[in-house]
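S.K.: Sequence and predicted structure are below.
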Amino acid sequence: MSNTAAKRKLRSSYVTTVISISLVLFLLGIIGLLFLNAHRLSTYVKENLGFTILVNDNSREAEVQRLQKILNASDFVREANYVSQDEAAEIMQEELGEDFVDFLGYNPLLSSIEVKVFAEYANPDSMAVIENQVLNFPQVKEVYYQKNLLHAVNDNIEKISLVLGGFTILLMVIAIALINNTIRLSVYSRRFLIKTMQLVGAARGFIRKPFLITGILNGLAGATIAIILLSLLIYGLSNELQGMIGFGNIVLVGILFAIVIVLGILITLISTFFAVNKYLRLKADDLYY
């Protein structure tokens, strides 16, 4: 085989290895994207549950607004908005499409405070404690929130997290196996070179070094291609899922890209190390099998 043909074959092997690594890392990046954004999604859902405080009829507006300020200063409250009787009537009229106040002759609705809590407090146990605390205020008549919905959201989020976690682990194992096999095939094509260097007295570390450097470069190149593909995917999804997936949270995106780079380098480095060691241990006669 001529040197030109050998170089072409070697270059083709590098390209195939890098493409294989990049596609596997791209799939891992998608799972990482889902996993990292799952927390944002669960936080978004939980922080939009909240509860409604119905105010007593005899409570003065100044007292209710003071209660609103107390709630806004609480550790568990993300925001608390006061809704007067007139505002509640306007909202109800828009929903019903008719003026029920004129029909009834009076406004039966109560003033209320719409409260949104932080995600860590949006669970049944915490909400029960918060409800008891709020009911102690004399201005409060009733605290209302959808308990069944709260239970369902928390249960489903836990199930989704477990399934996503299990799927991530499974894909990680598959990814490592695929990259490992790709690198082993690449090293296999140069097994005679490894043995020749060993027979002329080259130390194992000396033989291993260029392969490890190549493995790192392949991992880095594959990670770079995977990051480009992930960037295009995130950009495309950002238009459809505004506020959930996008480059708005640069820290989250940076963490994802860093994970892809680290995985690309580590997996290729470790796989190359063991693949080269395998042929360093083999006898010359065993290289033909």
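M.R.: Cool, the structure landed. Residues are numbered from 1 along each chain as shown.

S.K.: quick one: low-confidence parts of the protein?
M.R.: Within the chain, the set of residues satisfying pLDDT under 70 comprises 1-13, 89, 91-93, 95-109, 239-249, 282-289.

S.K.: Spatially central, which residue of it would that be?
M.R.: Of all residues in the chain, the one closest to the mean position by Cα atoms, centre = their mean is residue 36, 1.4 Å from it.

S.K.: my read: it touches residue 252, true?
M.R.: Yes - with contacts counted by Cβ atoms under 8 Å, residue 36 reaches residue 252, the gap being 5.6 Å. Where you see a C-beta, it was placed from the backbone N, CA and C, and this is true even at glycine.

S.K.: on that earlier part again, show me what the host helix or strand of the residue nearest to the centre of the chain is packed against.
M.R.: Using DSSP states H and E, residue 36 sits in helix 3-46. Contacts defined by 3 or more Cβ pairs under 8 Å, 6 or more residues apart in numbering; DSSP states H and E place helix 3-46 against helix 147-188, helix 204-240, helix 250-281.

S.K.: Specify the stretch among the ones you listed that is closest to residue 132.
M.R.: Nearest of the helices and strands packed on helix 3-46 to residue 132, taken as Cβ to Cβ: helix 147-188 at 13.9 Å.

S.K.: Which positions in the next helix-or-strand element following the closest one come out as buried?
M.R.: As assigned by DSSP H and E, the chain's next helix or strand after helix 147-188 is helix 191-199. Judged by neighbour count (16 or more other Cβ atoms under 10 Å), helix 191-199 contains these buried residues: 191, 194-195, 197-198.

S.K.: Counting by contacts, list what helix 191-199 packs against.
M.R.: Using 3+ Cβ pairs under 8 Å, 6+ apart: helix 191-199 touches helix 204-240, helix 250-281.

S.K.: try 10 Å
M.R.: Identification of packing neighbours for helix 191-199 by 3 or more Cβ pairs under 10 Å, 6 or more residues apart in numbering; DSSP states H and E yields helix 147-188, helix 204-240, helix 250-281.

S.K.: May I see the ones you listed arranged in JSON lines, with mean neighbour count as well?
M.R.: Below are those laid out as JSON lines (neighbours: other Cβ atoms under 10 Å):
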{"stretch": "helix 147-188", "mean neighbour count": "15"}
{"stretch": "helix 204-240", "mean neighbour count": "17"}
{"stretch": "helix 250-281", "mean neighbour count": "18"}
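
S.K.: among these, which is nearest residue 113?
M.R.: Of the helices and strands packed on helix 191-199, nearest to residue 113 by Cβ to Cβ is helix 147-188, at 18.3 Å.

S.K.: helices and strands around the closest one, which ones?
M.R.: helix 3-46, helix 124-135, helix 191-199, helix 204-240, helix 250-281.

S.K.: starting at the chain centroid, how far to the fourth one?
M.R.: Looking back up the chat, that one is helix 204-240. Put simply, helix 204-240 sits 20 Å off its chain's centre (Cα atoms, centre = their mean, to the nearest Å).

S.K.: That helix to helix 191-199, inter-axis angle?
M.R.: Relative orientation of helix 204-240 versus helix 191-199 (axes from the mean of the first three to the mean of the last three Cα atoms, to 10 degrees): 140 degrees.

S.K.: again with the second one
M.R.: If you take the same axes, to 10 degrees, helix 124-135 sits at 100 degrees to helix 191-199.

S.K.: how much space between residue 86 and residue 50?
M.R.: As judged by Cβ to Cβ, to the nearest Å, residue 86 and residue 50 stand 22 Å apart.

S.K.: between those two, which one's more packed in?
M.R.: Between residue 86 and residue 50, counted using other Cβ atoms under 10 Å, residue 50 has the larger neighbour count: 21 against 12.

S.K.: any idea how far the more buried one lies from residue 112?
M.R.: According to Cβ to Cβ, residue 50 and residue 112 sit 12 Å apart.

S.K.: who touches both of the two?
M.R.: By Cβ atoms under 10 Å, 6 or more residues apart in numbering, residue 50 and residue 112 have these common neighbours: residue 81.
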